[in-house]
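A.B. asks: model the structure of this input:
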Amino acid sequence: MPALNILVIDDERSIREGCRLSLSNKGHLVETCPNGRAGLEAILQGTYDIVLLDLRLPDMDGMEILRKACRECPSLCVIIVTGFSTVKGAVEAMKTGAFDYLSKPFSENDLLLAVERALEKKRLIEENLSLRKEVLDRFGFQNIIGENPQILEIYQQVQKVAPLDSAVILYGESGTGKELFARAIYVNSQRAGRPFVAADFSALSPGILESELFGHVKGAFTGALENKAGLFEMAQGGTLFLDEISNLPPDVQGKLLRVLEAQEYKPVGGSRIKKSDARIISATNQDLKALVEEGRFREDLYYRLNVFPIFIPPLRERKDDIPRLAYFFLKLFCRKTGKNVEGFSDEALEALIQYDWPGNVRELKNIVERLVILAEGKTLENVASLYSTRLRGGTKGDRVPETTGELRDFKQHLLKETYEVVEKMFLIKALEACQGNITQAAQRVGMQRPYFHTLIKRYGLKAKGSKTTP
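C.D. replies: This is a model prediction of the structure:
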């Protein structure tokens, strides 16, 4: 048991000294107070882990001290000690915030056991706070980059709805960060310390959706060799994120509606009804209302899911956030790759801003990652070389070649600007996977070593820790 700072507040000297002796022998640091006022002052000014508090003191009511201690020092574990043990007093003390209750006279074992239980509770609280902080650091608002008015409005919406259990639906194009916003709602909710389970209906076969959601029992169908928990059971007490909800087949829509209305479901092939206690956050890149009008989505389910809709704008509608996002991803991938790239040239940043980003934030993230991998200097300059036709405005304004010569030149241009970039990345990836060993890298990709080496020299790559001559 690690050493604890413990305060004993009791008007009986024998109790104070007995507790001090027993706990000091276990390596704890123990202080004592003979009255309530001195004890309360010590609590408010000190840094104690546990307080042993007598309910009946000559100058103050122990319950008053307990209330103030719980209010001012919420992480403090208070163990009530009294010679006037009653069920009513115990219940009142526990409701007020006491951790445990000891009746005089108590044995040394009773005391040490109560302190050990308090220590375990404190450890669990600190562990939970640490995990919550870790989750907040990873998925909190600081990871949602943007100061565009639309994004700032979404922040406010999330802060309002997160503490509640209301259903939330996120509308937005693919790549806009719907799951990131869903996790921000989760970590700012009352369920933050419980499971967050995500399901992408665009990636699940319609034939297994019901089993994935509700689980199944052994023998429910061919291949069901054992009982399997579904997503609702896995998310019990926490949050269930249903991505691309518009892909849900009509028959499963009805069963999902049943869960939302009655908070209960049956696993596939099962006879027992299970209770559900999971907050639902859904997301879609389609207009659910339009799907309802077309008869492709149940209207009653739509209203169940659409309690609090949040609309996430595409990146092209908040271009003022592109520089912030680009530099955020630049720092992220510099840390991952160990490179020291300081920024973008003015031309490169302008190319990023002018592009329409059909893949939204996800596409920007991927491009910045590739740029960092290819970077050889302190500044990222030739952004357009990655996706030349796309980052220069796509095919909208490109002139169609009119002669075979122009077509040949255009083909050579595409090979140089696009294929060669991919080929260089291909070589870098192969070398990194083999710690710079040319022979192993060539074997890994199925290429003759001399040709692989020739390509390395063509692109000016260095193979660390390996010979550079064929």
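A.B. asks: which residue ranges of the stretch 101-250 of the chain form strands?
C.D. replies: Ranges of strands within the stretch 101-250 of the chain are 168-171, 196-200, 239-243, based on DSSP state E, counting those that start in this stretch.
A.B. asks: of all those, which one comes closest to V361?
C.D. replies: Across the strands of the stretch 101-250 of the chain, V361 has its closest neighbour in strand 168-171 (13.7 Å, Cβ to Cβ). The C-beta positions use only the backbone N, C-alpha and C, and glycine is treated the same way.
A.B. asks: show me what that closest one is packed up against.
C.D. replies: The contact analysis (3 or more Cβ pairs under 8 Å, 6 or more residues apart in numbering; DSSP states H and E) places strand 168-171 against helix 178-187, strand 279-284, strand 308-311.
A.B. asks: sheet partners, orientation included, of that strand?
C.D. replies: Each strand paired with strand 168-171, and its direction, by DSSP bridges: strand 279-284 (parallel), strand 308-311 (parallel).
A.B. asks: got the domain ranges for this structure?
C.D. replies: Residue ranges for the domains of the chain, per automatic domain parsing: 5-132, 140-313, 319-458.
A.B. asks: how about the ones you listed in TSV, adding mean neighbour count and mean pLDDT?
C.D. replies: TSV is the format used below for these (neighbours: other Cβ atoms under 10 Å; pLDDT from 0 to 100):
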stretch	mean neighbour count	mean pLDDT
domain 5-132	17	84
domain 140-313	17	89
domain 319-458	15	79
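A.B. asks: C77 against E120, yeah?
C.D. replies: No - taking Cβ atoms under 8 Å as the definition, C77 is not a contact partner of E120, at 9.9 Å.
A.B. asks: ok, and what's touching stretch 67-76?
C.D. replies: 40, 43-44, 48-51, 53, 78, 96-97, 122, 125-126 (Cβ atoms under 8 Å, 6 or more residues apart in numbering).
A.B. asks: out of these, which comes closest to D251?
C.D. replies: For the contacts of stretch 67-76, the nearest to D251 is I125 (44.8 Å; Cβ to Cβ).
A.B. asks: circling back: can you say which of the strands of the stretch 101-250 of the chain is nearest to E92?
C.D. replies: Closest to E92 of these is strand 239-243 (Cβ to Cβ; 34.8 Å).
A.B. asks: direction included, what does the closest one pair up with?
C.D. replies: In its sheet, and by DSSP bridges, strand 239-243 pairs with strand 196-200 (parallel), strand 279-284 (parallel).
A.B. asks: which residues does the following helix or strand past that strand contact?
C.D. replies: Next along the chain after strand 239-243, taking DSSP states H and E as the criterion, comes helix 250-262. For helix 250-262, contacts defined as Cβ under 8 Å, 6+ apart pick out 167, 206, 209-210, 213-214, 232, 248, 264-265, 276, 280, 296-298, 300-301, 304-305.
A.B. asks: among these, which are located in helices?
C.D. replies: Cross-referencing the contacts of helix 250-262 against helices under DSSP state H gives 209-210, 213-214, 232, 300-301, 304-305.
A.B. asks: of those residues, closest to E369?
C.D. replies: Distance to E369, by Cβ to Cβ, is smallest for L209 among the ones in helices among the contacts of helix 250-262, at 32.4 Å.
A.B. asks: which residues are contacting the strand or helix carrying L427?
C.D. replies: Using DSSP H and E, the element containing L427 is helix 420-433. If you take Cβ under 8 Å, 6+ apart as the criterion, helix 420-433 is touched by 370, 373-374, 385-386, 437-438, 441-442, 444-445, 452, 455-456, 459, 461, 463.
A.B. asks: what distance separates that helix from the centre of its chain?
C.D. replies: In terms of Cα atoms, centre = their mean, to the nearest Å, the centre of helix 420-433 is set 32 Å apart from its chain centre.
A.B. asks: for stretch 239-254, same thing?
C.D. replies: The answer for stretch 239-254 is 22 Å, by Cα atoms, centre = their mean.
A.B. asks: please apply the same query to stretch 368-379.
C.D. replies: With Cα atoms, centre = their mean, you get 28 Å for stretch 368-379.
A.B. asks: and that stretch, end to end?
C.D. replies: 12 Å (Cα to Cα, to the nearest Å).
A.B. asks: what separation do you get for R194 and L180?
C.D. replies: From R194 over to L180 the distance is 19 Å, taken as Cβ to Cβ, to the nearest Å.
A.B. asks: for G237, same thing?
C.D. replies: 23 Å.
A.B. asks: how about A199?
C.D. replies: 16 Å.
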